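Novice: fold the following for me, if possible:
(chains A, B and C)
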Amino acid sequence: MNRNVIREVREKSPLIHHLTNQVVMNFTANGLLSFGGIPAMANAVEEAYDMAMNANGLLINIGTITPLEVKAMIAAGKAANEKGIPVVLDPVGVASTPFRDTAVKQVLHEVKPAVIKGNAGEMAYLAGIPWETKGPDSVGEGNSAEVAEKVAAIYDTAAVVTGKVDMFCIGNDLGENTTGHPFLTKITGAGCLLGSILAACLTTDQPLKQQINTALSFYGAAAEYAACLPDVSGPGTFLPCFIDALSLDVGKLEVHE
Amino acid sequence: MNRNVIREVREKSPLIHHLTNQVVMNFTANGLLSFGGIPAMANAVEEAYDMAMNANGLLINIGTITPLEVKAMIAAGKAANEKGIPVVLDPVGVASTPFRDTAVKQVLHEVKPAVIKGNAGEMAYLAGIPWETKGPDSVGEGNSAEVAEKVAAIYDTAAVVTGKVDMFCIGNDLGENTTGHPFLTKITGAGCLLGSILAACLTTDQPLKQQINTALSFYGAAAEYAACLPDVSGPGTFLPCFIDALSLDVGKLEVHE
Amino acid sequence: MNRNVIREVREKSPLIHHLTNQVVMNFTANGLLSFGGIPAMANAVEEAYDMAMNANGLLINIGTITPLEVKAMIAAGKAANEKGIPVVLDPVGVASTPFRDTAVKQVLHEVKPAVIKGNAGEMAYLAGIPWETKGPDSVGEGNSAEVAEKVAAIYDTAAVVTGKVDMFCIGNDLGENTTGHPFLTKITGAGCLLGSILAACLTTDQPLKQQINTALSFYGAAAEYAACLPDVSGPGTFLPCFIDALSLDVGKLEVHE
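Specialist: Residues are numbered from 1 along each chain as shown, chains lettered A, B, ... in the order given. Here you go, the predicted structure:
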């Protein structure tokens, strides 16, 4: 973990604009606030460009996408590319329906993400590698390093494949993260919030690999920390403690490990 | 309670597709995940049919319905009927506006639900029985067994009327559930999440009456269990503990009673 | 604080209709329920007028506004004005984009709010006073009393400017509230829920100044109470305890101070 990434996020309070799904908006906003960023969320095509132009980073998450939102995502993404702020794309459930497949293709045709982040099922789909999924979840097993490499190569972007071990790839450079906790699979939006945390870390002046690695390892360490607290006895009580943990100093989480 | 219903849900992790209201999406998703199902949520007409075709059950909840969502509900409902997976319809606030009345009629004209579930005010409205309501809440008193019977007869479906005592009716067979806790009336979406839990239980291979009875009694028992925990001092602290309790074994909840 | 305001809210359980943003719907509904009101939320233009006609108060919050929702806000606002129930307008992020500026102007052209409530950046924008903002947050410093006075004068309404010290103005009469806690700035929707609590207090038979002052001081006192609880160690654990605190008796909160 590069502590400067976390320190810079908290010094700068980056404004991250979100075009994200309705299920996780509140959780994402609270998680990012606790971590040190400032969330903005809006869906209207009419202001998508302006909202992104005001921001320091942009998250595009297709979880509950509609045709109008595809247009808003493209407008916001173009603004982000013009302004030179990082875009994180989370292709939630892209393998589930032709509509999602088309939507992601349309976004990727017009917007250049800094990072594409998804679970193995989603990323394998983007890489053209067969993988078993169940709704928004990835249930198959396979070589997620290969998936990360292939997405990075095809889309000329950094790729993050989340899972029990997270794999990421920048160019030909592979990395992995082993922090995390099974509770993250028992709450909705754990992956979605990670996209927001990633976007915040990408606004710092540190090297890309360290930004990604720090976002992943901090996020997983916060989950481990929260899961071990005496007040946590299930996914419901894990949630508020996890939000708290996202605000902690790196030192506190590392001592804990 | 039929423990096999709960056991089967947890073994199968049924994927429940939701066309539900924006207020409760996050709570519903977390509650269903904790209980043992997998939530999918999406609103776009363009993928409604496909999403339902991927699923094991479907919840239609009209809480924040729009004209486009009515179309998505019908498309998803038709897919569910074709595929033979259970549909639960929750006619939230149907008595409040002509728009809701029309929306529910349109859905019922094209989709055959396995269960219609609502509070007494909503279900009485569907049955043509006068009942006092206040916004989304039922405040009147009356014969909810009669309401359940009439909805079941008119719509040729199972009917669940929630309240202090829940009444349900399948054909001519009436049942009731007395578990529950007043905190369920002080949090938003308690009824909405129950619809999702019901849909999950309907995907099991147990008899319909036991599926419904088990969903209701487990849900109410989980609320009772959570409400008595020492950390709970109001509706806010009840919420995370209730989510936790939905993940418990039947035995743990029953011992508690 | 005027205890009668709180008492009347809890006796009457006012139904507050909300046209509010997707990020805060769940939190707002749970907060208002805990406080003693009943939330209704719906976005469709087709039922906006009817929903407001059923209600005792109306909150209009433009946080995730779309062109269709502007129409729904106007329809609901007209119903509220016709019926004579109070309207609270929360111009979230109005300074961020021309789209929001136009939306608020359209609403204010057709709807007469009882109270306009926003942070200093939003309210200064409405008053034509320069102020620094960052996304939805106000980060500048200046004379918020002047801002409140000017909004009240220009729009012929009561004006509430939230901040470390809340300022409010009715005609030429200024007031302030000093209760509150920094955690309110680390959770999403604290201002949005306050709009809902304000709307509930405006449905009572007490003088307007006492309604506003009581809403603000109760809300801030509940935050102070929750923040000091031993179970609270960050914004995540603050949230459920704050929801709980909104249900408390005035006496319990005042003793605590």
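Novice: any weak-confidence spans in chain A?
Specialist: A:255-257 (pLDDT under 70).
Novice: what are the ranges of the helices in it?
Specialist: Assigned by DSSP state H, the helices in chain A fall at A:3-12, A:25-35, A:45-54, A:67-83, A:98-110, A:120-127, A:144-155, A:190-201, A:208-227, A:235-245, A:250-256.
Novice: make JSON lines out of these and add distance to chain C and mean neighbour count.
Specialist: Every residue, glycine included, has its C-beta placed from N, CA and C. Shown next, in JSON lines, are those (distance: least, CB to the nearest CB, whole Å; neighbours: other CB atoms under 10 Å in any protein chain shown):
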{"stretch": "helix A:3-12", "distance to chain C": "11", "mean neighbour count": "18"}
{"stretch": "helix A:25-35", "distance to chain C": "4", "mean neighbour count": "26"}
{"stretch": "helix A:45-54", "distance to chain C": "4", "mean neighbour count": "22"}
{"stretch": "helix A:67-83", "distance to chain C": "8", "mean neighbour count": "21"}
{"stretch": "helix A:98-110", "distance to chain C": "18", "mean neighbour count": "18"}
{"stretch": "helix A:120-127", "distance to chain C": "23", "mean neighbour count": "26"}
{"stretch": "helix A:144-155", "distance to chain C": "28", "mean neighbour count": "21"}
{"stretch": "helix A:190-201", "distance to chain C": "12", "mean neighbour count": "27"}
{"stretch": "helix A:208-227", "distance to chain C": "9", "mean neighbour count": "24"}
{"stretch": "helix A:235-245", "distance to chain C": "3", "mean neighbour count": "26"}
{"stretch": "helix A:250-256", "distance to chain C": "11", "mean neighbour count": "14"}
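Novice: give me the contacts around stretch A:162-170.
Specialist: Residues outside stretch A:162-170 that contact it (CB atoms under 8 Å, 6 or more residues apart in numbering or on different chains): A:117-120, A:138, A:144-145, A:147-149, A:151-152, A:158-161, A:174-178, A:180, A:191, A:194, A:208-209, A:212-213, A:216, A:220.
Novice: give me the buried positions along that stretch.
Specialist: Within stretch A:162-170, the residues that count as buried by 16 or more other CB atoms under 10 Å in any protein chain shown are A:162, A:163, A:166, A:167, A:168, A:169, A:170.
Novice: so which of the residues you listed belong to strands?
Specialist: Counting by DSSP state E, those place A:162, A:166, A:167, A:168, A:169, A:170 in strands.
Novice: list just the nearest of those residues to chain B.
Specialist: The nearest member of these to chain B, counting by CB to the nearest CB, is residue A:162 at 16.5 Å.
Novice: partner residues bridging that closest one?
Specialist: Taking DSSP bridges as the rule, residue A:162 bridges to residue A:119.
Novice: swap in the one 5 residues further on?
Specialist: The partner list for residue A:167 in beta bridges (DSSP bridges) reads residue A:161, residue A:176.
Novice: ok, it to chain C distance?
Specialist: 28 Å (CB to the nearest CB, to the nearest Å).
Novice: tell me the contacts of the residue nearest the centre of chain A?
Specialist: With distances taken as CA atoms, centre = their mean, residue A:195 lies nearest the centre of chain A, 1.4 Å away. By CB under 8 Å, 6+ apart, residue A:195 lies in contact with A:20, A:59, A:61, A:88, A:90, A:117.
Novice: just the buried ones from the residues you listed?
Specialist: Of the contacts of residue A:195, these count as buried by 16+ other CB under 10 Å: A:20, A:59, A:61, A:88, A:90, A:117.
Novice: so which of those belong to strands?
Specialist: A:59, A:61, A:88, A:90, A:117.
Novice: including distance to chain B, could these go into CSV?
Specialist: Formatted as CSV, those follow (distance: CB to the nearest CB, whole Å):
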residue, distance to chain B
A:59, 17
A:61, 13
A:88, 21
A:90, 15
A:117, 20
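Novice: can you add distance to residue A:133 and give the helices of chain A back as TSV?
Specialist: Output for those, formatted as TSV (distance: least, CB to CB, whole Å):
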stretch	distance to residue A:133
helix A:3-12	31
helix A:25-35	22
helix A:45-54	29
helix A:67-83	21
helix A:98-110	11
helix A:120-127	4
helix A:144-155	13
helix A:190-201	13
helix A:208-227	21
helix A:235-245	21
helix A:250-256	31
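Novice: among these, which is nearest residue B:70?
Specialist: helix A:67-83 (16.7 Å; CB to CB).
Novice: so the closest one versus helix B:67-83, what angle?
Specialist: 120 degrees (axes from the mean of the first three to the mean of the last three CA atoms, to 10 degrees).
Novice: which residues touch helix A:67-83?
Specialist: Against helix A:67-83 from outside (CB under 8 Å, 6+ apart): A:17, A:19, A:43-45, A:48-53, A:55, A:57-58, A:60, A:62, A:65, A:86-87, A:103, A:106-107, A:110-113, B:44, B:46.
Novice: let's see that with 6 Å instead.
Specialist: A:19, A:43, A:45, A:48-49, A:52-53, A:58, A:60, A:87, A:103, A:106-107, A:110-112 (CB atoms under 6 Å, 6 or more residues apart in numbering or on different chains).
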